[in-house]
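Participant: whatever this is, show me its structure:
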Amino acid sequence: MFPTEPAAVNNGFGALLKNRGFMLLWIGQLVSQLADKVFFVLMIALLENYSPLPGLAQNSMYSTLMLSFTIPAILFGSAGGIFVDRLPKKLIMVGSDVVRGLLTLCLPFLPREFLILLILTFAISSVTQFFAPAEQAAIPLLVKRENLLAANALFSSTMMGALIVGFAIGEPILSLSKSLMGAEYGQELVVGGLYLLSAAIMQPIKFKEHKPHQEHQGSNHPWTEFTESLRYLKKNRLILNAMLQLTTLYCVFAALTVLTIQLAEEFGLKEKQFGFFLAAAGVGMVFGAAILGHWGDKLHHKPLPLIGFLMMALVLGVFTFTHNLLVALGLCAFLGVGAAFIGVPMQTLIQQQTPSTMHGKVFGFQNHAVNIALALPLAITGPLTDVLGLRTVLVAMSIIVVVVGVWAWQNTRKVLQDVI
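Facilitator: Numbers count the residues shown, from 1 in each chain. The predicted model follows:
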């Protein structure tokens, strides 16, 4: 097991490896992330056993299922953060894992009706909205201020790794569990077991949480607390600016998710092989996060977010003149490094500058804003590409990324070097 006390000095990932509480949180969220990805693969796989609703075409079942998975993020993103500030972080994380695990295990015993599948998917996705802000709020409680950059680098790299690995191994894991444990309940048992395993891993964590006064806690209505977070962000321009940079970063990745389908065709790949480009970007993010985690203390005086935006803009611009697949994959990896230079420092800044009593509300609002913002590029990128062409869209994205990067740095450079 890990030592009970964290290291006294900042030495990158080394201090984190000696922090028992953080390591349990990291391993637990990694298992939970894998469970999320495999669960999504499971839902797609189960559709062949369900007949569509009256008037709903077979192909429309996929998009309807995806909507039931994504709508809770838009509806309940901020609400999850409000509850994080009212309840213990461990209770929320462990509880959400247990609820998701039990709901998944209920699948084999429910009627094979598509509406029931939609309701259960909606419920599990809704519970997930409470896990994410609690996880972000838990990191500063377990990690010393000087180790936050390394901690966020580790979380960012493993989150992207779970995204790549989860979707890659999801189908083989489900097929293996189906053959070993039976077609009736084997797949659901594995996915539900992953959620319950994550809960068991995080159960021993001990948090030193700030306990709000009962009077203050009881007098505040959830809507009042939501508006309080808006007022706080309006006053604290530094955190708001960091949040805008993170939102821009995720919007670029959302647009790339759509564009890579056409990029795959441009490079002679099948449409379903678009994941190669996203995987390469994920590898780059892992590499960039590793650089920040190990040498972050030597790089904190550098304009990392500006460098990251310029790297991403360069890749988007050069992509239009690239015809070699290996070069294209290398560019995607380079883009991923730039993304890490934005995401990791900005997330660290938000954690450092936000009071512990506001962690849940701020992180809940952050997740809410990102999820809403993701909908726009996902909706308009495809039609814009059809009208303007792939090259024009990529060049336009490159210009937008440069403008946002320079504007954001101009607004934060006076204080950023002192807090990261």
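
Participant: residue 344 versus the nearest residue to residue 293 once chain neighbours are set aside, what's the distance?
Facilitator: Sequence neighbours aside, residue 153 is the residue nearest to residue 293 in space, at 3.4 Å (criterion: C-beta to C-beta, 6 or more residues apart in numbering). Just so you know, the C-beta spots here come from the backbone N, C-alpha and C atoms, and that holds for glycine as well. From residue 153 across to residue 344, the span is 5 Å (C-beta to C-beta, to the nearest Å).

Participant: what residues are shared contacts of these two?
Facilitator: Here residue 153 and residue 344 share the contacting residues 289, 292, scored by C-beta atoms under 8 Å, 6 or more residues apart in numbering.

Participant: name the element the most centrally placed residue in the chain belongs to?
Facilitator: By C-alpha atoms, centre = their mean, the chain has its centre lying nearest to residue 159, at 6.6 Å. Using DSSP states H and E, residue 159 sits within helix 148-181.

Participant: tell me the contacts of residue 186?
Facilitator: Residue 186 makes contact with 177, 178, 179, 180, according to C-beta under 8 Å, 6+ apart.

Participant: at 7 Å instead, please
Facilitator: 177, 178, 180 (C-beta atoms under 7 Å, 6 or more residues apart in numbering).

Participant: show the buried residues in these.
Facilitator: 177, 178 (16 or more other C-beta atoms under 10 Å).

Participant: can you put the contacts of residue 186 in TSV and add distance to residue 73 and pLDDT?
Facilitator: Below are the contacts of residue 186 laid out as TSV (distance: C-beta to C-beta, whole Å; pLDDT from 0 to 100):
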residue	distance to residue 73	pLDDT
177	27	85
178	29	82
180	33	83
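
Participant: ok, now which ones touch the residue nearest to residue 293?
Facilitator: 289, 290, 292, 293, 296, 344 are the contacts of residue 153 under C-beta under 7 Å, 6+ apart.

Participant: burial measure for residue 382, as a count.
Facilitator: 16 (other C-beta atoms under 10 Å).

Participant: buried residues, stretch 83-95. List them.
Facilitator: By 16+ other C-beta under 10 Å, the buried positions in stretch 83-95 come out as 83, 84, 85, 89, 90, 92, 93, 94, 95.

Participant: where's the last one relative to residue 87, distance?
Facilitator: Put plainly, it is residue 95. Relative to residue 87, residue 95 is positioned 9 Å away (C-beta to C-beta).

Participant: which stretches in the stretch 201-350 of the chain count as helices?
Facilitator: Using DSSP state H, counting those that start in this stretch, the helices of the stretch 201-350 of the chain run over residues 214-219, 222-235, 237-266, 275-299, 304-319, 325-353.

Participant: to residue 42, which of these lies closest?
Facilitator: Counting by C-beta to C-beta, residue 42 lies closest to helix 275-299 out of the helices of the stretch 201-350 of the chain; the figure is 18.0 Å.
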